[in-house]
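Chemist: My questions are about this predicted structure, shown below with the sequence.
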Amino acid sequence: MINIVISGYIGYSNCGDDAILSAICEGIRELNIEANITALSKNPVITMKDNNIKSIYRFDWKEVNRTIKSADIIISGGGSLLQDTTSTRSLLYYLGIIKLAKLYKKKVMLYANGIGPIYKKLNRLMTKYIVNKVDIITLRDELSKKDLESMKVTKPRIHVTADPVFSMNVKDNGYRKLLSDNGIPLDKPLVGILFREWKNIRYEEVIAEVCDELVEKKDVNIVFIPMEYKEDIGISKHISNNMKNKSYVLDKDLDSSSIIGVIGEMHMILSMRLHALLFAALSSVPMVGFVYDPKVSCYLELMDMPSAGDVKELDITSINNIVNDVYNNYDDYVKKLNEIKVKMKKKSQMNNKYLLDLINE
């Protein structure tokens, strides 16, 4: 029996990170090995219920220490764990888990990580020192590899794969009914809008005007989908209230599988949220991405999908032109996504191959 401990941004009701954990657990089960999986979580009860695994409170250091001491492999991933944009404290937590694991001489894998940005010189030195001690690293993009190389992380085996969510299977569980039950009419094509608050930047009026253009020129229903409910519901309602035309807010706290299903029902989406863009790709839903972090721009390039540019410098005319191009060449965008998601799934499945290699060692 292999004891595997997963460290990540778990238990915070973030749909992207919840989907990552689900994908990692699915991947481990598909390896057909006997494994006990334990996740370090902010909300162990929910994590256990949603994933059918063990879970402990991530800040109960006595229990964390005991769990890591009895583990065989520590997985750190996925998502952007090693960065100091959120805070140095966050970075120190994830580096601390890796350091503790290596003190007990455990195997450690960075699983489909997105690295950086790490700005502070001391933080970069600490990251270099600790990450150079792990056994294997898989990364979700080339930009993350460049960040590690710039910090002189060279000792572990490093492979560029893809985000774990690309290995997930999309399930049809009546999400049109979910939309209808929550007051979303299904008489027209649906355009999903997924935005978040970011550094006091105000873009509500711009997005509202783009949405009004869509309603008036394309005859669609606009649906605001709060991906991380507590954080996104406010800005969703604010943009909706700035519109001249009728729009709809999906005012419901949904789990990651429901968000994936709902996005799959959209004709297209406009999104700041990286994992909303990845969820759209799973169902071949054309998208326009809005960049607040280099990781968004990087994945838009990987998927060959259009970017509306940096959220600090949005231009209404430019966005409308991009949206029109998606509509005018819709089938081409769908075909492109059909091809890309197959490639990304194969890359994503390599995360589990490298994990199995580490287990067999």
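Modeler: Yep, that arrived. Numbers count the residues shown, from 1 in each chain.
Chemist: Residues in contact with the helix or strand hosting I319: which ones?
Modeler: Using DSSP states H and E, I319 sits in helix 316-328. By Cβ atoms under 8 Å, 6 or more residues apart in numbering, the surrounding residues in contact with helix 316-328 are 206, 209-210, 213-214, 218, 268, 270, 286, 288, 306, 308-309, 333. For the C-beta atoms, the positions are set from N, CA and C on the backbone; glycine is no exception.
Chemist: Please state the offset of that helix from the chain centre?
Modeler: How far helix 316-328 lies from its chain's middle: 25 Å, per Cα atoms, centre = their mean, to the nearest Å.
Chemist: What are the buried residues along it?
Modeler: 319-320, 322-323, 326-327 (16 or more other Cβ atoms under 10 Å).
Chemist: Pick out the lowest-pLDDT one from the residues you listed.
Modeler: When the buried residues of helix 316-328 are compared by pLDDT, Y327 scores lowest at 94.
Chemist: circling back: could you turn the buried ones of the contacts of helix 316-328 into a PyMOL selection?
Modeler: Filtering those down to the buried ones (16+ other Cβ under 10 Å) takes a single PyMOL command:
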select buried, resi 206+209+210+213+214+268+270+286+288+306+308+309+333
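Chemist: Give me the subset of the contacts of helix 316-328 lying in strands.
Modeler: Of those, the ones assigned to strands by DSSP state E are 268, 270, 288, 308-309.
Chemist: Report the secondary structure state of I56.
Modeler: Following DSSP: H, G, I helix; E, B strand; the rest coil, I56 is assigned to strand.
Chemist: Could you double-check that it lies in contact with K62?
Modeler: No: contact status for I56 versus K62: not in contact, 10.1 Å apart, counting by Cβ atoms under 8 Å.
Chemist: who's more crowded, those two?
Modeler: Higher neighbour count among I56 and K62: I56, with 18 against 7, using other Cβ atoms under 10 Å.
Chemist: Which strands or helices does the longest helix along the chain pack on?
Modeler: Secondary structure of the chain per DSSP state H: the longest helix is helix 330-360. Using 3 or more Cβ pairs under 8 Å, 6 or more residues apart in numbering; DSSP states H and E as the contact test, the elements touching helix 330-360 are helix 15-30, strand 73-79, strand 107-113, strand 136-139, strand 157-160, helix 274-282, helix 294-303.
Chemist: I'd like the average pLDDT over it.
Modeler: Computed over helix 330-360, the average pLDDT equals 96.
Chemist: And it, what's buried?
Modeler: Going by 16+ other Cβ under 10 Å, helix 330-360 has these buried residues: 333, 336-337, 340-341, 344-345, 347-352, 354-356, 358-359.
Chemist: circling back to that earlier point, the helix holding I319 to helix 330-360, inter-axis angle?
Modeler: Going by axes from the mean of the first three to the mean of the last three Cα atoms, to 10 degrees, helix 316-328 is angled at 90 degrees with respect to helix 330-360.
Chemist: Need the CA coordinates for helix 316-328. CSV is fine.
Modeler: Written as CSV, here are the backbone C-alpha positions of helix 316-328 (Å, rounded to 0.1, in the frame of the first residue of the first chain):
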residue,chain,number,x,y,z
ILE,A,316,-14.0,48.0,-26.4
THR,A,317,-13.5,48.2,-30.2
SER,A,318,-10.8,45.6,-30.2
ILE,A,319,-12.8,43.2,-28.0
ASN,A,320,-15.8,43.5,-30.2
ASN,A,321,-13.7,42.8,-33.2
ILE,A,322,-12.3,39.6,-31.6
VAL,A,323,-15.8,38.5,-30.5
ASN,A,324,-17.1,39.0,-34.0
ASP,A,325,-14.2,37.0,-35.4
VAL,A,326,-15.1,34.1,-33.1
TYR,A,327,-18.8,34.3,-34.3
ASN,A,328,-17.9,34.6,-38.0
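Chemist: if we can go back for a sec, okay if I get the helices and strands packed on helix 330-360 as CSV plus mean pLDDT, mean neighbour count and distance to N43?
Modeler: Formatted as CSV, those follow (pLDDT from 0 to 100; neighbours: other Cβ atoms under 10 Å; distance: least, Cβ to Cβ, whole Å):
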stretch, mean pLDDT, mean neighbour count, distance to N43
helix 15-30, 94, 22, 10
strand 73-79, 92, 26, 17
strand 107-113, 97, 27, 21
strand 136-139, 98, 24, 26
strand 157-160, 96, 16, 31
helix 274-282, 96, 26, 19
helix 294-303, 92, 19, 25
